[in-house]
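Visitor: what follows is a predicted structure for the sequence shown.
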Amino acid sequence: MTVILRTVAEVRAWRRALPAGQALGFVPTMGALHAGHISLMELAKGRAAATIASIFVNPLQFGPKEDLAKYPRPIEQDLALLERAGVDALFLPEVSALYPEGASTFVVEEDVSGPMCGAVRPGHFRGVTTVVLKLFNIVQPDLAVFGQKDAQQCAVIERMVRDLALPVEIMRGPIVREPDGLALSSRNIYLSPEDRAAAPLIYESLQAARTAFEGGERQAAMIAAIGRKVMATDARFTLQYWDVRDPMTLEALTTIPAGAGALFAVAAHLGPTRLIDNITV
Ligand code: PAF
């Protein structure tokens, strides 16, 4: 039975009642849960005796022209999935519980949040770091699990945890994909049938780049050109970035160093839907 906790006080009371020394695993989400989220819950359950998820569509991380109002909120369906996954508790706050009237304190990470999504979604990561720190303060988890699909979000949160000496272990859960390669995302439900059929091109571009890397290519510009060329085969995509970066610092790479990995990361609009994806090689 998943207990629903709606206020900060309810979460604190639930947390205090856990047996001393029992590790708590946390999966923060914005809801519209899918198999990718459930895989994060499974990871948390594998590492912690008690698990809690949160569902909060965080207004602070949406830009003025983004999809805050229409972001999917299928709460009954989400609850059923959490029950089935055996998650012990759900924190389901109102906006006012996390942002009291006149809230004026924010968390800003100033390095890894700069490029990629940070460059095209100003203020987005300020919203993410602010809400995640609040959630950590309220839930006080021992470990928290985030999806690798949002690779930059993982890097930003890991940097915040390190810089602010937060007592939380961050785990990354692997990307879960549809059989045709499309990375699972709550936003996939926005895709029209035609866009849904086209969407796997993003993963195909990543795979083409991986093939080049495995064939010995180490020049980032060559690898990105291969990925961008695949994306250009369908004019309905508007590419925001197709980048080759250091997986932890997100610095743009010129050459992929011998023995070191790289992150290949893409963001593109397909019709009204913004999709992101990545692989690490
Ligand atoms: O990845 C998400 O769903 C959100 O960015 C998060 C981490 C729950 C913060 O609102």
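Guide: All right, it came through fine.
Visitor: can you give me the mean pLDDT across the longest helix belonging to the chain?
Guide: Longest helix of the chain, by residue count under DSSP state H: helix 124-139. Per-residue pLDDT over helix 124-139 has a mean of 98.
Visitor: for the residue nearest to residue 198 when sequence neighbours are not counted, grab the count of nearby residues.
Guide: Closest residue to residue 198 apart from its sequence neighbours, by Cβ to Cβ, 6 or more residues apart in numbering: residue 234 at 5.5 Å. C-beta coordinates here come from the backbone N, C-alpha and C atoms, glycine included. For residue 234, the tally of surrounding residues (other Cβ atoms under 10 Å) stands at 14.
Visitor: pretty sure residue 234 contacts residue 201?
Guide: Yes - counting by Cβ atoms under 8 Å, residue 201 is a contact partner of residue 234 at 5.5 Å.
Visitor: measure the residue nearest to residue 198 to the ligand for me?
Guide: 27 Å (Cβ to the nearest ligand atom, to the nearest Å).
Visitor: quick one, phi/psi of that residue?
Guide: The phi and psi values for residue 234, taken as degrees, to the nearest 10, are phi -130, psi 110.
Visitor: quick one on the thing from earlier: the next helix or strand after the longest helix of the chain versus helix 124-139: what angle between them?
Guide: Downstream of helix 124-139, the first helix or strand assigned by DSSP states H and E is strand 143-147. For strand 143-147 against helix 124-139, the angle by axes from the mean of the first three to the mean of the last three Cα atoms, to 10 degrees is 150 degrees.
Visitor: how about the strands in the stretch 101-250 of the chain?
Guide: In the stretch 101-250 of the chain, the strands defined using DSSP state E, counting those that start in this stretch lie at 143-147, 169-173, 237-245.
Visitor: need the contact partners of stretch 82-95.
Guide: Outside stretch 82-95, the residues that touch it by Cβ atoms under 8 Å, 6 or more residues apart in numbering are 1-8, 11, 14, 27, 33, 38, 41-42, 45, 50-56, 59, 75, 79, 135, 138-139.
Visitor: please repeat the previous calculation with a cut-off of 7 Å.
Guide: 2-6, 11, 14, 38, 41, 45, 50-56, 59, 139 (Cβ atoms under 7 Å, 6 or more residues apart in numbering).
Visitor: buried among the residues you listed? Make that a PyMOL selection.
Guide: Applying 16 or more other Cβ atoms under 10 Å to those leaves a buried subset, and the PyMOL line that selects it is:
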select buried, resi 2+5+11+14+38+41+45+50+51+52+53+54+55+56+139
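Visitor: among the contacts of stretch 82-95, which are within reach of the ligand?
Guide: Among the contacts of stretch 82-95, no residue sits close to the ligand (Cβ under 6 Å from any ligand atom).
Visitor: per-residue confidence for the residue of the stretch 51-200 of the chain found nearest the ligand?
Guide: Across the stretch 51-200 of the chain, the shortest distance to the ligand (Cβ to the nearest ligand atom) belongs to residue 58, at 4.0 Å. Note for residue 58: predicted pLDDT of 98.
Visitor: who touches the nearest residue to it once chain neighbours are set aside in this structure?
Guide: In space, residue 58 comes closest to residue 131 once its chain neighbours are excluded; the distance is 4.5 Å by Cβ to Cβ, 6+ apart. Applying Cβ under 7 Å, 6+ apart to residue 131 gives the contacts 56, 58, 60-61, 98.
Visitor: residue 157: neighbouring residues, count only.
Guide: 27.
Visitor: got the confidence number for it?
Guide: 98.
Visitor: do residue 260 as well
Guide: Value for residue 260, per-residue pLDDT: 82.
Visitor: excluding covalently adjacent residues, which one is nearest to residue 32?
Guide: Per Cβ to Cβ, 6+ apart, closest to residue 32 is residue 186, 3.6 Å.
Visitor: distance-wise, check that neighbour relative to residue 147.
Guide: Distance, residue 186 to residue 147, by Cβ to Cβ, to the nearest Å: 11 Å.
Visitor: which of the two has more neighbours?
Guide: residue 147 (23 against 18).
Visitor: how about the helices in the chain?
Guide: So, for the chain - with DSSP H - the helices run 8-16, 35-47, 75-85, 95-98, 117-120, 124-139, 151-163, 193-198, 201-214, 220-231.
Visitor: tell me the residues of the stretch 151-281 of the chain that contact the ligand?
Guide: residue 153.
Visitor: right, I'll call it a day here.
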